[in-house]
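*Asks:* need a structure here:
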Amino acid sequence: MQEDDPAFKAWLDMKPYETWYRSHFDFTSKCKHITNIFSESFNWWIMKIRDKQFDKAIERLNLMLMKLYNERRIKARAWDQRGLVPRVLMHIEKLKTHYGEYDFEGEDDDVFVSIGTNGGRLKLNLPTHTCECNEWQLSGLPCIHAVSIIIPMSLCSKYHYVSSYVVTYSGVVHVVTDSSNWGKLSRSTYGYVKKKLEAEEVTEWEDESSVLFPSVEGNVVRQFGGERVTICADDKYLKLRWASGDLAEPGRLLAIFLLPSSGELAF
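*Replies:* Just a heads-up that it's a prediction; the model follows:
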């Protein structure tokens, strides 16, 4: 990069490494691909349903997830339940082919220095599963430097074991019934209010589609505009007060929904 575009390299160096340099990404996930590959893979996966109507897209996505979980749950039954998932075993076998490329010296029983053929040195700590290359911390799998020191089956993150894979897909994705069986929504229990309040004003329920509202009784405390408010509701009339006791200030835009089949108000 320095040779191809020095100006871009200089600009990139001004940005925090954790925003673009993979070895400095967060170590929590134990995955090497915390990048836009995630979103690209998902977008490709749902390509065939993205142009569907919303309800049809949800139905198709539900079936795709249900199929995925069930297939992976069945596949895992044939694996060694105490071992690592096959992908990790293949990864370790590939690293073993590079055994002769590194020497190592021990600082003590747990800490070693890996020395490459070019003389470069990296410090490893076996109990903490860390290496100065950061590959171990990032992926949860031992890096080439760790593999050159010890057979690494016990040095993998717990997330790469079959037992964790089984737990991940142990849940069931329940099928969404066909939309033809959903029935029709009743508009008689829905209401909507949206208007500006003036100080000391009592606001009457309004509804653009002339739907009747069930009565709402009592005081309901809710969060509104970052502040707690009390809705004093009496039949079809309401008044808003802030937690301080003051009425809502003039000009404040109010949106209130009456939840279906209940007397509860929600913002």
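
*Asks:* you'd agree Y159 is up against L141?
*Replies:* No - in this structure Y159 lies outside contact range of L141 using CB atoms under 8 Å: 9.8 Å. Every C-beta, even on glycine, is put in place using the N, C-alpha and C of the backbone.

*Asks:* Got the phi and psi for G116?
*Replies:* Note on G116: its backbone torsions stand at phi -80, psi 170 [degrees, to the nearest 10].

*Asks:* before we move on, back to that, pick out whichever of Y159 and L141 has more residues nearby.
*Replies:* Taking other CB atoms under 10 Å, Y159 and L141 do not tie; L141 has more neighbours (25 against 17).

*Asks:* Need the distance between the two termini of stretch 72-91.
*Replies:* 20 Å (CA to CA, to the nearest Å).

*Asks:* buried residues in it?
*Replies:* Buried positions in stretch 72-91, judged by neighbour count with 16 or more other CB atoms under 10 Å: R73, A76, W79, L84, V85, V88, L89, H91.

*Asks:* out of the residues you listed, which are inside helices?
*Replies:* Among the buried residues of stretch 72-91, the members found in helices (DSSP state H) are R73, A76, V88, L89, H91.

*Asks:* was I right about the first one contacting G171?
*Replies:* Put plainly, it is R73. No - look at R73 against G171 with CB under 8 Å: they stay out of range, at 9.1 Å.

*Asks:* what is the mean pLDDT for stretch 165-180?
*Replies:* Mean pLDDT, stretch 165-180: 84.

*Asks:* got a list of contacts for it?
*Replies:* Residues from elsewhere that reach stretch 165-180, judged by CB atoms under 8 Å, 6 or more residues apart in numbering: 55-56, 58-59, 62-63, 65-66, 69-70, 72-73, 76, 79, 81, 85.

*Asks:* Pass me the low-pLDDT residue ranges in the chain, would you?
*Replies:* Scanning the chain with the threshold set as pLDDT under 70 gives 30-36, 151-154, 185-267.

*Asks:* and with 80 instead?
*Replies:* Counting by pLDDT under 80, the chain has low-confidence residues at 1-2, 17-39, 98-100, 109, 148-157, 159, 177-267.

*Asks:* just so I have it, where are all the strands in it?
*Replies:* 102-106, 111-116, 121-125, 130-131, 191-196, 203-204, 216-224, 227-235, 237-242, 253-258, 265-266 (DSSP state E).

*Asks:* From S23, how far off is the nearest residue to F8 once chain neighbours are set aside?
*Replies:* In this structure, F8 finds its nearest non-sequential neighbour in M1, 6.9 Å apart by CB to CB, 6 or more residues apart in numbering. Look at M1 and S23: by CB to CB, to the nearest Å, they are 15 Å apart.

*Asks:* Which one's more surrounded, those two?
*Replies:* Using other CB under 10 Å, the more surrounded residue of M1 and S23 is S23, with 13 against 9.

*Asks:* I'd like to know how far I46 sits from S39.
*Replies:* Between I46 and S39 the computed distance is 11 Å (CB to CB).

*Asks:* Just want to know which of these two has more residues nearby.
*Replies:* I46 (13 against 9).

*Asks:* For the more buried one, give me its contacts.
*Replies:* I46 neighbours (CB under 8 Å, 6+ apart): A57, L61, M64.

*Asks:* Which of those residues are buried, as a ChimeraX select command?
*Replies:* Buried residues within the contacts of I46, by 16+ other CB under 10 Å, are selected in ChimeraX with:
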select :61
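
*Asks:* Alright, calling it a day.
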